[in-house]
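Enquirer: my questions concern the predicted model and sequence given below.
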Amino acid sequence: MSSGASGEAKTVWEALKIASSLLSVCVGGIFSSVLVYRAAFHRLNRFPGPFLARLSNLYVTLLSVKKFHLYEEIQALHHEYGDIVRVGPSELSIADPKVVDLIHSNQSPCYKGPWYNILHPIRSLHTVRDQKEHARRRKTWDKGLGSKALRDYEPRVAEYTAQLLQKLDESQGEPLNMSTWFNFYSFDVMGDLAFGKGFNMLKDGLVHYYMESVHASMLAVGAFSHLVWIFPLLKAIPLVNSEHLRFQKWLADQVRQRRERKTDATDLFSWILADYDAIGKPTPQDTVNLHGDAHLIVVAGSDTTAASLTCLFFELALHPRVVDTLRAEMDAYFAENQRPAAQSLSKLEYLQACINESLRLHQPVPSGLQRMTPLEGLQLGDTFVPGSTIVQVPTYTLYRDERVFLQANEFIPERWASRPELVRDASVFAPFSAGRYSCAGKQLGLMELRYVTSQIIHRYDVRMAPKQSADSFLGGLRDAFTLSSQTLDLSFQCVREAPAGEPAT
């Protein structure tokens, strides 16, 4: 190499070193100034909380992935710091019963936070942040989940419930992992209502690709829910995004097949599809949103229902006295009704009390839903929260608060029936959320819970399997935005045969 070329290369190398040094100084300066601002001058500094939470959302993310029990970690922070805790640079966790309505009611000025952008560009009913668009699309969902529509869906709920009962009978008292079987049940029901066909998991006893993919993705959502900027980054990495693309292709195929399949049977997706077709000339974004709504139908109606059934039967297995009382109500009901019916089941007080009490202790979304205060800020009692602050009401913490429920950690269904004095503020209890963003599928979910619980308790005695402990079940729960469980081994002893005229299960 000539001396001139060598000198030129040396000059370029020195220039790169200088540029790298300057870039490092600039980046370091920016990061340092941000950290100093968040630590000492941020507008949320007057709110108590861990010092590291002031600096970065990595703090709460580490709490989330430690055991996937973020709801317990947040509860511990509230016990230490009080009703309002700063859990991130611009985020507050608020566990004050008096202000829940100000954050979640129809009149609340709060709107959905940045978490709802994680699936961008997909905007399902759940993730759409624009209030006008949400209100327009919600009308279609309300029709598809109204009382008339639910009567059309009821025979399919009954059919899949019968398949579940058959599996219990075939078990002959041997332990079953009911976390798995309740997932099979709820995914089959919602697959039918979304795509016009179930996934046959109850019949085959095998995990379907859709269920496997949903659970894996929800775990990632739970892990990084406070680092929303990471999701676009992950999608930009081909190796990481390959499974997401595969899933989206599978979902698009299901939607296409459902649109091509002409059927007289009414399902929830037929309402969503009619709204889509009414657009006339749908844009590519409208089509993406249609796929998002198809996905939402199954996910929102399966994960939450499965977890609710699993936790309810966990509590029933631990409380035989409650089962005796509930079975007495079921026996009286079935003495007058050969077949269960959604409308009459909804009037059974103790059945609903058991469901409510399980939902109170084991909320479907235990860490709460993210909201953002309006630009002008929000007055919460004596406390002013600045504008564009992320706020969450941690339902797990709130529903175990003695200011709201006496003996808050105890499973006492009677608090919703014969002992109302154990409920100090019933208005706080909203396991399906409240206000304009409340769960559209509440009544469908309750129908499934009542159908399954009433018939199982009427016909079977439920017990914890010998190797199953309460601690192992509670330790295996996962906060993946929605609550999920890994294993609940229960055994079922038949105490009553199937009613006459009904296939023996």
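Expert: Yep, that arrived. Residues are numbered from 1 along each chain as shown.
Enquirer: the helix or strand encompassing Ala306: what's the following helix or strand?
Expert: Using DSSP states H and E, Ala306 maps to helix 284-318. The first helix or strand that comes after helix 284-318 along the chain, using DSSP H and E, is helix 320-336.
Enquirer: past that next one, which element shows up next along the chain?
Expert: Per DSSP H and E, the first helix or strand lying C-terminal to helix 320-336 is helix 342-345.
Enquirer: who does that following helix touch, helix- and strand-wise?
Expert: Helices and strands touching helix 342-345, by 3 or more CB pairs under 8 Å, 6 or more residues apart in numbering; DSSP states H and E, are helix 147-170, helix 442-459. Bear in mind the C-beta positions are built from the backbone N, C-alpha and C, glycine included.
Enquirer: I'd like to know which elements the shortest one is packed against.
Expert: When contacts are defined as 3+ CB pairs under 8 Å, 6+ apart, helix 442-459 sits against helix 147-170, helix 178-195, helix 284-318, helix 320-336, helix 342-345, helix 349-361.
Enquirer: need the winner for burial among those helices.
Expert: Most buried of those, by mean neighbour count (mean count of other CB atoms under 10 Å): helix 178-195, with a mean of 26.
Enquirer: run the angle between that helix and helix 284-318 for me.
Expert: Inter-element angle recorded for helix 178-195 and helix 284-318: 150 degrees (by axes from the mean of the first three to the mean of the last three CA atoms, to 10 degrees).
Enquirer: helices and strands around helix 178-195, which ones?
Expert: If you count contacts as 3+ CB pairs under 8 Å, 6+ apart, helix 178-195 packs onto helix 147-170, helix 201-204, helix 209-223, helix 238-260, helix 268-277, helix 284-318, helix 442-459.
Enquirer: hmm, try it at 6 Å
Expert: Helices and strands touching helix 178-195, by 3 or more CB pairs under 6 Å, 6 or more residues apart in numbering; DSSP states H and E, are helix 147-170, helix 201-204, helix 284-318.
Enquirer: closest one to Asp130 among those?
Expert: Closest to Asp130 of these, according to CB to CB: helix 284-318, at 11.8 Å.
Enquirer: distance from the chain centre to that closest one, please.
Expert: Using CA atoms, centre = their mean, to the nearest Å, the mean C-alpha position of helix 284-318 is found 7 Å from that of the whole chain.
Enquirer: roughly how far does the closest residue to Cys494 other than its chain neighbours sit from Thr397?
Expert: Excluding its sequence neighbours, the residue lying closest to Cys494 (CB to CB, 6 or more residues apart in numbering) is Tyr460, at 5.8 Å. Tyr460 is 34 Å from Thr397, where distance means CB to CB, to the nearest Å.
Enquirer: of all the helices and strands packed on helix 178-195, which one comes closest to Leu227?
Expert: helix 284-318 (20.9 Å).
Enquirer: what's the average pLDDT for that closest one?
Expert: With pLDDT averaged residue by residue, helix 284-318 scores 94.
Enquirer: quick one: list the elements packing against that helix.
Expert: When contacts are defined as 3+ CB pairs under 6 Å, 6+ apart, helix 284-318 packs onto helix 178-195, helix 238-260, helix 268-277, helix 349-361, helix 442-459, strand 460-464, strand 482-484.
Enquirer: distance to Phe429 for the helices and strands packed on helix 178-195 - can I get that in a markdown table?
Expert: Output for those, formatted as a markdown table (distance: least, CB to CB, whole Å):
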| stretch | distance to Phe429 |
| --- | --- |
| helix 147-170 | 23 |
| helix 201-204 | 32 |
| helix 284-318 | 15 |
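Enquirer: which one of those lies nearest to Glu133?
Expert: Minimum separation from Glu133 across the helices and strands packed on helix 178-195 (CB to CB) falls at helix 284-318, 9.3 Å.
Enquirer: which residues of the stretch 401-505 of the chain fall in strands?
Expert: 460-464, 478-480, 482-484, 489-494 (DSSP state E, counting those that start in this stretch).
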